[in-house]
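Student: Here is my input, please return the structure:
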Amino acid sequence: MPAPSTTLQHDLHRAGYYPELVSDVLDLALAGEDVVAHLVHPETTFDANEVRRHVTVLALTPTRLVVAHVDDHPADSEHPSASASATTEAVPLSELRSVAVTHVVPNPQEHRRGDGATELTLAIGWGAVQRVDLEPASCPDPSCDADHGLTGTLTPDDVVVRVSAAAEGRDAVRAAMAFGRTLSAASARR
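Tutor: Down below sits the predicted model:
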């Protein structure tokens, strides 16, 4: 079976987050299919006492979207050495329900066609995971003090990738836009 494409390999190594591990798990999930487009998104988060690194890779094949996510697990009292967990999911393109792209543009009154965004959020849904946002239900009667229960929204939340020019650079935002365009087109054909 061929390994992930040379361009994908290059982007994995440039991200610098366990590139050989990520390549191995992608190779298994791709199952020999060619990669049409990809997005490698390394991310660093800061908890109260530690720095955690993650990488999310989206790989589009002619028939599927392959999602890989790798997380650090620091050493602790039960696990004397650090480890990583790598999860992949392969979603048939026919199962994609939504490809949502949110563009953040400063000074919209000055925006010119083709300027691009300074931040992009790519949310892809296929129905495996949903987020519930609840809040107390309100009543139009200002004197009412009855409990009206809860109201809320159910939002698809299978994978969300946020890319910012301030954090990752304009090229990363452009790469996310290009991937979003290719994925959106592929999902429309299914």
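Student: any idea how far Glu110 lies from Val104?
Tutor: 14 Å (C-beta to C-beta, to the nearest Å). Just so you know, the C-beta spots here come from the backbone N, C-alpha and C atoms, and that holds for glycine as well.
Student: What's the separation between the most centrally placed residue in the chain and Gly127?
Tutor: The residue lying closest to the centre of the chain (C-alpha atoms, centre = their mean) is Val161, at 3.0 Å. For Val161, the distance to Gly127 (C-beta to C-beta) stands at 18 Å.
Student: For stretch 42-54, which outside residues touch it?
Tutor: Ala15, Gly16, Tyr17, Val55, Thr56, His69, Val70, Asp71, Asp72, Pro74 (C-beta atoms under 8 Å, 6 or more residues apart in numbering).
Student: List the strands paired with the helix or strand where the fifth one lies, with their directions.
Tutor: Pointing back at Thr56 there. Assigning secondary structure by DSSP states H and E places Thr56 in strand 51-60. Sheet pairing for strand 51-60, assigned by DSSP bridges, gives strand 37-46 (antiparallel), strand 64-73 (antiparallel).
Student: just those: most buried one?
Tutor: Most buried of the strands paired with strand 51-60 by mean neighbour count (mean count of other C-beta atoms under 10 Å) is strand 64-73; its value is a mean of 20.
Student: distance between the ends of stretch 19-38?
Tutor: Taking C-alpha to C-alpha, to the nearest Å, stretch 19-38 runs 15 Å from one end to the other.
Student: what's the answer for stretch 150-167, then?
Tutor: Start and end residues of stretch 150-167 are separated by 37 Å (C-alpha to C-alpha).
Student: what about whichever helix in the chain runs longest, average pLDDT?
Tutor: If you go by DSSP state H, the chain has its longest helix at helix 170-189. Confidence for helix 170-189, expressed as mean pLDDT, is 93.
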